[in-house]
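Enquirer: My questions concern the predicted model and sequence given below.
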Amino acid sequence: MSKKGGFPGQMGGMNMNNLMKQAQRMQRQMQEGQQALEESEFTATAGGGVVEVTVTGKRELKSIVLKEEVVDPDDIEMLQDLIVAAVNEAMKKVDDAHAESMAKFTGGLGGFGGGLGGLTF
């Protein structure tokens, strides 16, 4: 009866201990990246810059700056729409930054459906 695979402690030619170390290093790097993103700020504008909002990487609204010329008591609805547009754009920037950060780590994983980096289970 023959055995399949390689040597004990190896998986597809890769030492299991090394694989675990790589996974731990990747997890630590992901946590550091997540923390850096959460500490970042993202700013977006609307209406040609008359409304500016800043949000944190935790998706918390930090500030809203309005130019004097956008404040029209007869058109509050337009101001509300501009604020919503700026907040949504800032949140999209946060989402894009999170996706970009995660792509650094998941790019080589080949999608979980096909295994990890060419390894199949």
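Expert: Ah, there it is.
Enquirer: Any stretches of the protein with poor pLDDT?
Expert: Within the chain, the stretches falling below the threshold (pLDDT under 70) are 1-14, 108-121.
Enquirer: Give me the most central residue, the protein.
Expert: Taking Cα atoms, centre = their mean as the criterion, residue 98 is the residue nearest the geometric centre of the chain, at 0.8 Å.
Enquirer: Next, that one: secondary structure please.
Expert: Local secondary structure at residue 98 is given as helix here, using DSSP: H, G, I helix; E, B strand; the rest coil.
Enquirer: which residue packs closest to it, ignoring adjacent ones?
Expert: With Cβ to Cβ, 6 or more residues apart in numbering as the criterion, residue 98 has its nearest non-adjacent residue at 6.0 Å, and that residue is residue 37. Where you see a C-beta, it was placed from the backbone N, CA and C, and this is true even at glycine.
Enquirer: Give me the neighbour count for the one you found.
Expert: Residue 37 sits with 18 neighbouring residues when counted by other Cβ atoms under 10 Å.
Enquirer: repeat for the one 3 residues further on
Expert: For residue 40, the neighbour count with other Cβ under 10 Å is 14.
Enquirer: Quick check, it in contact with residue 56.
Expert: Yes. The criterion here is Cβ atoms under 8 Å, and residue 40 meets it with residue 56 at 7.1 Å.
Enquirer: any idea how far residue 65 is from residue 76?
Expert: When Cβ to Cβ, to the nearest Å is applied, the distance between residue 76 and residue 65 equals 18 Å.
Enquirer: One more: residue 17?
Expert: As for residue 17, its distance to residue 65 is 53 Å (criterion: Cβ to Cβ).
Enquirer: Which of these two has more residues huddled nearby?
Expert: residue 65 (13 against 10).
Enquirer: Could you pull out the strands in this structure for me?
Expert: For the chain, the strands defined by DSSP state E cover 10-11, 14-15, 41-46, 51-56, 61-66.
Enquirer: can I get those in CSV with distance to residue 105?
Expert: CSV is the format used below for those (distance: least, Cβ to Cβ, whole Å):
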stretch, distance to residue 105
strand 10-11, 20
strand 14-15, 18
strand 41-46, 21
strand 51-56, 22
strand 61-66, 27
